[in-house]
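S.K.: coords below, sequence missing:
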């Protein structure tokens, strides 16, 4: 818990443009105290938490890593909640079949679905014998993931978390993510991927994709105030020390908003040595 709180305090402090000394002065503590919080040597006193959260413009739950926040970070919360139907359908992403081919569940394999949406891929993996944990930032997405798993007769450990805040506390054999990594803030990317890589078993697999900006493709019609741009090759560079089994860039048509448009996407499959 200390490590999670330390990361959060440092990240939100920097977002507000505060130095350690500046935050300390506003709280009436020493800058050494703030430094110890951010290096996980100690935790803030309970009485300081409400004021600390107020200064950092987050909820206490978010500060402590227990929730995905007190503000919407994706337009899909409303879309998932608007209908009993599944916004993305229930057919798995084609990348799921690559996981089956490259890491078949002939033994117990633990899989983490990062940003699972309404759970179609997480449930597919569970149906095929993987031990699946899956998280999403939307309450509606997590609830629909649980319902789909129950309806299908499989178990998925589905929970709410923000990809910017979540760091695994156990090892996984496979990390899978589709259509989510553009929500990762640029200043936490290296630390986040380092954490995911450390928590991957030797020989484990990461199967990921991310939208990338291209000058010849118009921005998507959906407003995404909490999305951040990625460039070609940026995802691949995070895995320079792993075996890259596949890396590609594709352009595809999409009408998720009801308005036909295109996306450019970098895809990656990498294995830990």
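M.R.: Looks like it came in fine. Small disclaimer: the values here were computed from a predicted structure and weren't measured. Numbering: from 1, shown residues only.

S.K.: Phi first, then psi, for residue 177.
M.R.: Backbone torsions for residue 177, taken as degrees, to the nearest 10, come to phi -150, psi 130.

S.K.: Which strand residues bridge it?
M.R.: Applying DSSP bridges to residue 177 yields these beta-bridge partners: residue 208.

S.K.: show me what contacts it?
M.R.: Listed by CB atoms under 8 Å, 6 or more residues apart in numbering, the contact partners of residue 177 are 113-115, 207-209. In this view, the C-beta of every residue, glycine as well, is placed from N, C-alpha and C.

S.K.: At which residues are the strands of the stretch 1-150 of the chain located?
M.R.: Applying DSSP state E, counting those that start in this stretch to the stretch 1-150 of the chain gives strands spanning 110-114, 131-136.

S.K.: Surely residue 199 is in contact with residue 173?
M.R.: No: at 10.5 Å, residue 199 does not count as touching residue 173 under the criterion of CB atoms under 8 Å.

S.K.: Looking at the two, which one has more neighbours?
M.R.: residue 173 (21 against 16; other CB atoms under 10 Å).

S.K.: and the one helix or strand that one maps to with strand 110-114, angle?
M.R.: Under the criterion DSSP states H and E, the helix or strand holding residue 173 is strand 172-177. Using axes from the mean of the first three to the mean of the last three CA atoms, to 10 degrees, the inter-axis angle of strand 172-177 relative to strand 110-114 is 20 degrees.

S.K.: Next, the angle from strand 172-177 to strand 131-136.
M.R.: Using the same axes, to 10 degrees, strand 172-177 lies at 30 degrees relative to strand 131-136.

S.K.: I'd like the next helix or strand past strand 172-177.
M.R.: Proceeding N to C from strand 172-177, the next assigned helix or strand is helix 189-198, under DSSP H and E.

S.K.: other SSEs contacting that following helix?
M.R.: In terms of contacts (3 or more CB pairs under 8 Å, 6 or more residues apart in numbering; DSSP states H and E), helix 189-198 is not packed against any helix or strand.

S.K.: I'd like the average pLDDT over that helix.
M.R.: Per-residue pLDDT values across helix 189-198 average out to 96.
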